[in-house]
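Undergrad: Model the structure of this input:
(one chain, ligands or ions: 1)
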Amino acid sequence: MKIAVLPGDGIGPEIVAQAVRVLRALELKVELEEALVGGAAYEAHGHPLPEATLKLAQAADAVLFGAVGAWKYDQLERALRPEQAILGLRKHLGLFANLRPAVCYEQLTHASSLKPELVAGLDILIIRELTGDIYFGQPRGRRQAPDGAFAGADEAFDTMRYSRPEIERIARVAFEAARKRRGKVTSVDKANVLETFQLWKDVVTEVHRGYSDVVLDHMYVDNAAMQLVRAPKSFDVIVTGNLFGDILSDEAAMLTGSIGMLPSAALDARQKGLYEPIHGSAPDIAGKDIANPLATILSMAMMLRFTLDQPESADRVEAAVRHVLQQGLRTADIWSEGMRKVGTRAMGDAVVAAITKTTTKS
Ligand code: NAD
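TA: As a prediction, the model looks like this:
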């Protein structure tokens, strides 16, 4: 098993270093190879996704990614900005399924903006289609309106579009994931208004025939947005398109309180994946040893579960994270009165120690 390690910019190298230490503590047979990406790659090679980095990512079984971006690159032409690296990787690796678990750890229920009883024990998985929908549909553009009440005025337009195979493959990812969880999929659409999402609903229903052990329900996106804050624990797996998923996954992420805790995966058709925390490169806190490395460590656990097929190791990492939280260790972003404040590296040390303890026990 080969893993491409792409730390990136800002806090990326600090948090990825901790995830790598935890991975090494598991003593699995994995080969790690590191490469530059984002602003760091632009500085060294003049491009945020150099050929060598892309080749490494393509050859590897999985990619562990930190974050890219810094304000100083905002003036660069769009194609050279660090964020283009992540878009390029998604495109070249065919990463069409974005998995974002929203788990509220018992010890952090107070950090949520919702009442603790609504989020205690929350464990949902949002699956967002990542390569289609209105973000990529053609035609798109700006022009003078050719007709209608506003003929001659500036107008802009995008195209919402999904094909049957695109819907089938993301639906299968959702049903497979639900099988390993509580066996329920909620497909979120806007079939009452949009043709694209009538097809979405029809195809998801057809694919479901091969997964009779999984319960499927359909929900309009406006209702889903409401239910996510009214009764988030009523969901297990949510599957939806690119646009709705973009919005709902951020909404769900915030239910758990801290951006520093949330992992994600982007998978291709063969479960190869790119694993990264949902947060960015946090330039405001980079290099200060205060960033929370847990989202990256938990992303690495997702990598063990979804690509490397090492569910026991994934369980051990997640248990180790729970253990350090139970011990009262907190980085600044999740710290509260009475807890022990630790830095990035000390948090990594604690997770490694918890892993090593379970190794010794077993
Ligand atoms: P951000 O997620 O980097 O930071 C938002 C806030 O959360 C900041 O106050 C930051 O200090 C804090 N934060 C983020 N991660 C944290 C962690 N692990 N521990 C503690 N606090 C943490 O978002 P931003 O400030 O809007 O963007 C900064 C840069 O990151 C930009 O260049 C942006 O384009 C880029 N970005 C990259 C990705 C990616 O690489 N996938 C995603 C989002 C943003």
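
Undergrad: Which residues are in contact with the closest residue to the ligand within the stretch 251-362 of the chain?
TA: Closest approach between the stretch 251-362 of the chain and the ligand, counting by CB to the nearest ligand atom: G280, at 2.4 Å. (Glycine included, C-beta is placed from N, CA and C.) Applying CB atoms under 8 Å, 6 or more residues apart in numbering to G280 gives the contacts G10, A67, V68, G69.

Undergrad: Just the buried ones out of those, please.
TA: For the contacts of G280, a burial check counting by 16 or more other CB atoms under 10 Å picks out G10, A67, V68, G69.

Undergrad: quick one: the strands in the chain?
TA: For the chain, the strands defined by DSSP state E cover 2-8, 31-34, 62-67, 97-103, 123-129, 141-144, 154-157, 184-189, 215-220, 237-240, 263-267, 273-277, 329-330, 340-341.

Undergrad: Quick one: the ones you listed as CSV, columns for mean pLDDT and distance to A353 too.
TA: Shown next, in CSV, are those (pLDDT from 0 to 100; distance: least, CB to CB, whole Å):
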stretch, mean pLDDT, distance to A353
strand 2-8, 98, 22
strand 31-34, 98, 21
strand 62-67, 98, 21
strand 97-103, 94, 22
strand 123-129, 96, 25
strand 141-144, 96, 56
strand 154-157, 96, 54
strand 184-189, 98, 36
strand 215-220, 98, 40
strand 237-240, 98, 33
strand 263-267, 96, 21
strand 273-277, 97, 21
strand 329-330, 95, 10
strand 340-341, 96, 14
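
Undergrad: Of these, which is nearest the ligand?
TA: Closest approach to the ligand among the strands of the chain (CB to the nearest ligand atom): strand 62-67, 3.7 Å.

Undergrad: Adjacent strands (with direction) for the closest one?
TA: Strand pairing for strand 62-67, using DSSP bridges, gives strand 2-8 (parallel), strand 273-277 (parallel).

Undergrad: Can you tell me which of those strands is most buried?
TA: Burial of those is given as mean neighbour count (mean count of other CB atoms under 10 Å); strand 273-277 ranks first at a mean of 28.

Undergrad: Please list the outside residues in contact with that strand.
TA: Strand 273-277 has contacts (CB under 8 Å, 6+ apart) with 15, 57, 62-67, 86, 89-90, 93, 95, 260, 262-267, 295-296, 298-300, 302-303, 306-307.

Undergrad: No further questions, thank you.
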